[in-house]
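Chemist: mind folding the following:
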Amino acid sequence: MKRTLLIGASENTERYSNKAIRELRKYGHEVIALATRSGSVDNLIFETEPKEFKGIHTVTLYIGARHQPEYYDYVMNLKPVRVIFNPGTENPEFTEKLKQAGIQVEIACTLVLLATGQF
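Modeler: Numbers count the residues shown, from 1 in each chain. Presented below is the predicted three-dimensional model:
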């Protein structure tokens, strides 16, 4: 199972980040959810401040490109194996920085990756 940091968590059940939290947990992955405001999904309380989490395998992004620069250094310092840019979060600048740091980049949907056994 892959320890996953989801950036852009939402309590809104219509949001894909909310669905991703529930699906990741259903598939047995440990999820850390980072949001700009406090909240929770199925008793998983959101972190509201970036912390130095250890052992992060995957970072999955649910924030748009214009909000990502403040997370560049943070994500790269976590040294995840990969970063997933979900639909609408694509960012060529961040993608290039991650690749230069040796971090795998996927432009994909976390929900689809889970459903097709590719996560």
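Chemist: the residue most central in space within the chain bridge partners, please.
Modeler: Taking C-alpha atoms, centre = their mean as the criterion, T60 is the residue nearest the geometric centre of the chain, at 2.1 Å. Beta-bridge pairing for T60 (DSSP bridges): L6, I84.
Chemist: can you name the farthest residue from the center of this structure?
Modeler: For the chain, the residue at maximal distance from the C-alpha centroid (C-alpha atoms, centre = their mean) is Q100, at 19.3 Å.
Chemist: now do that one, the pLDDT please.
Modeler: You'll see Q100 listed with a pLDDT of 97.
Chemist: which phi and psi does it have?
Modeler: Here the main-chain torsion angles of Q100 (degrees, to the nearest 10) amount to phi -60, psi -30.
Chemist: ditto for the one 4 residues further on
Modeler: Geometry field for Q104 lists phi and psi as phi -70, psi 140, criterion degrees, to the nearest 10.
Chemist: leaving out chain neighbours, which residue sits closest to it?
Modeler: In this structure, Q104 finds its nearest non-sequential neighbour in R82, 3.8 Å apart by C-beta to C-beta, 6 or more residues apart in numbering. (Glycine included, C-beta is placed from N, CA and C.)
Chemist: and if you look at G8?
Modeler: Using C-beta to C-beta, 6+ apart, the nearest residue to G8 is Y62, at 3.1 Å.
Chemist: equivalent analysis for S38, please.
Modeler: Nearest to S38 is T48, by C-beta to C-beta, 6+ apart, at 5.6 Å.
Chemist: and for E30?
Modeler: Per C-beta to C-beta, 6+ apart, closest to E30 is R3, 4.7 Å.
Chemist: I figured the one you found was touching I32, is that so?
Modeler: Yes. Using C-beta atoms under 8 Å, R3 is in contact with I32, at 7.4 Å.
Chemist: overlap of the contact sets of the two?
Modeler: Counting by C-beta atoms under 8 Å, 6 or more residues apart in numbering, the common neighbours of R3 and I32 are F53, I56.
Chemist: measure how buried Y72 is and give me the count.
Modeler: 15 (other C-beta atoms under 10 Å).
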